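# sequence unavailable; structure follows:
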């Protein structure tokens, strides 16, 4: 069993981005008012930065527990433990996406979406020891004979995780066992 | 995805500030200003300029302030929607707003025309490479690419006059100009719309046909298509399901250019065809050195360009979320 949290440094960066963006956009809304196009535009941006800040806050208290049987997500808020479990034997979909931070795609981060019976999880590569969770999820997907998309396979290859392919053809994202 | 959007938005803010500075510098580059041009015009007409009135206007438009102060007030007035057009003496947003809807109608119709015509032709050309049909359509495509829009406009105006004895300039009948929107005005616009749509859309259509053909040909030669064919997949289903989808990525990248294109209103064509769109307005504002109107409009185009790039990047990240294999994910 291993415990995984989002890295503090990445979280501080996201808090800073959310704070700076929110301050600039709210300042512009205060100057422009809500009436015109400018106010509306900055208002929408402010709402996005607010959502992003709240999500970062949620991530700062999110923990993942990786076991041989599955992945458990719980929040360490001090108001009791609320958790969701995704059992590997019930894994139905695995998708690994890459979001570029630069136009040439040389930098960026990965996001893994997992879906199983009654549980959906979305984790990104700022999570501590992300690779080991990906390896465990891919192992489960292989055992469950889930079809993985071409982009997921390419992204796995970029992480150094090889997946045995049976037919060499294109595959769709998750869904039904191949 | 939310993190991606937030990061891109944060980068957009300094980008737009830098763009606003460049626009302000470029708009201010020609010698003189709106008022000095006005004084010259009055003198050329044998009239004397009221110097007190000129000084008052110079103060009102802040033309007497140092460069950076002028830039600051330009930005401030832009954000607070208080920027006044020097030529019209009305808020810029009102003046642009009058013409914006007409520009959007013309440009939107052009985009639809472009897609409807380019898409089937591009697919046909790629799937029937080197056939007579492909050669003929390729020839037409190159002809469309090589013909400047304004020349096509002039040719159409000439032949419409010689053959049909009609004037095809303008975007509506005279009785509707400057009148509020009505059903009659809308119908009149639709009747006049086909000429600017064909004129503005031809080169875009030709370019899009060439790109779609090239992209689709690349995809059709890949191994997964050969495998699909070998496994007996019906050709149409194979085409629609994989190669066509992959070849659409450049179209999504084009969204970034689409938004500003929709309101820019094809400047030269709008002058030739006498269209009351924003393109002609920008041209006139630049001629008269109305830097507030020209600057604000160019800034609006820049905002739409940056937003368009964001939308296209989001769509690309959604549709094609592959890492470049030689790169690596960082945390």
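Here it is on my side, so go on. Every value quoted in this text rests on a predicted model; they were computed, and no experiment measured them.

# show me the contacts for residue A:139.
Residues near residue A:139 by Cβ atoms under 8 Å, 6 or more residues apart in numbering or on different chains: residue A:88. All C-beta spots, glycine's among them, are computed from the backbone N, C-alpha and C.

# tell me which element it is part of?
Using DSSP states H and E, residue A:139 sits within helix A:130-143.

# again, but for residue A:5
Take DSSP H and E as the rule and residue A:5 turns out to sit in strand A:2-5.

# which strand or helix spans residue 109?
Using chain A. Counting by DSSP H and E, residue A:109 is found in strand A:108-116.

# actually chain B
Using DSSP H and E, residue B:109 falls within helix B:92-127.

# can you tell me if that helix touches chain A.
Yes - counting by Cβ under 8 Å from any Cβ of the partner chain, chain A has neighbours in helix B:92-127: residue B:93.

# that helix: what's the following helix or strand?
helix B:132-146.

# okay, the angle between the very next helix or strand once past that next one and helix B:132-146?
As assigned by DSSP H and E, the chain's next helix or strand after helix B:132-146 is helix B:149-164. Angle of helix B:149-164 versus helix B:132-146, following axes from the mean of the first three to the mean of the last three Cα atoms, to 10 degrees, is 110 degrees.

# how far out from the middle of the chain is whichever helix or strand comes after helix B:149-164?
Sequence order places helix B:183-220 as the next helix or strand after helix B:149-164, per DSSP H and E. Distance of helix B:183-220 from the chain centroid (Cα atoms, centre = their mean, to the nearest Å) equals 13 Å.

# any part of helix B:183-220 near chain A?
No - figure legend: helix B:183-220 not in contact with chain A (Cβ under 8 Å from any Cβ); closest approach 11.8 Å.

# now that helix and helix B:92-127, what's the angle there?
Helix B:183-220 runs at 40 degrees relative to helix B:92-127, counting by the same axes, to 10 degrees.

# elements contacting helix B:183-220?
In terms of contacts (3 or more Cβ pairs under 8 Å, 6 or more residues apart in numbering or on different chains; DSSP states H and E), helix B:183-220 is packed against helix B:92-127, helix B:132-146, helix B:149-164, helix B:243-246, helix B:249-253, helix B:267-272.

# how about low-confidence regions in the chain?
Looking at chain A here, since you left the chain open. A:78-81, A:102-106, A:164-178 (pLDDT under 70).

# sorry, should have said chain B
In chain B (pLDDT under 70), the answer is B:49, B:98, B:165-168, B:250-266, B:317-331.

# what helix or strand does residue 16 sit in?
The chain I'm using is chain A. Using DSSP H and E, residue A:16 sits in helix A:8-32.

# should've been chain B
helix B:2-28.

# give me the buried positions along that helix.
For helix B:2-28, a neighbour-count test (16 or more other Cβ atoms under 10 Å in any protein chain shown) marks B:3-10, B:12-13, B:16, B:19-20, B:23-24, B:27-28 as buried.

# run the chain-centre distance for it.
Distance of helix B:2-28 from its chain centroid, counting by Cα atoms, centre = their mean, is 19 Å.

# closest to residue A:88 out of the helices and strands packed on helix B:183-220?
Of all the helices and strands packed on helix B:183-220, it is helix B:243-246 that lies closest to residue A:88, at 31.4 Å by Cβ to Cβ.

# the helix holding residue B:16 packs against which elements?
Other elements packing on helix B:2-28 under the criterion 3+ Cβ pairs under 8 Å, 6+ apart are helix A:8-32, helix A:37-60, helix B:67-79, helix B:291-319.

# give me the neighbour count for residue B:116.
Neighbour count for residue B:116, taken as other Cβ atoms under 10 Å in any protein chain shown: 12.

# kindly report the same for residue A:132.
When counting by other Cβ under 10 Å, one arrives at 12 neighbours for residue A:132.

# ok, residue B:203 next?
By other Cβ under 10 Å, the residues close to residue B:203 number 18.

# look up how far residue B:139 lies from it.
According to Cβ to Cβ, to the nearest Å, residue B:203 and residue B:139 sit 15 Å apart.

# over to residue A:58?
59 Å.

# same thing with residue B:145?
11 Å.

# and for residue A:108?
43 Å.

# quick one, which of these two is more surrounded?
Between residue A:108 and residue B:139, counting by other Cβ under 10 Å, residue A:108 is the more crowded of the two (23 against 10).
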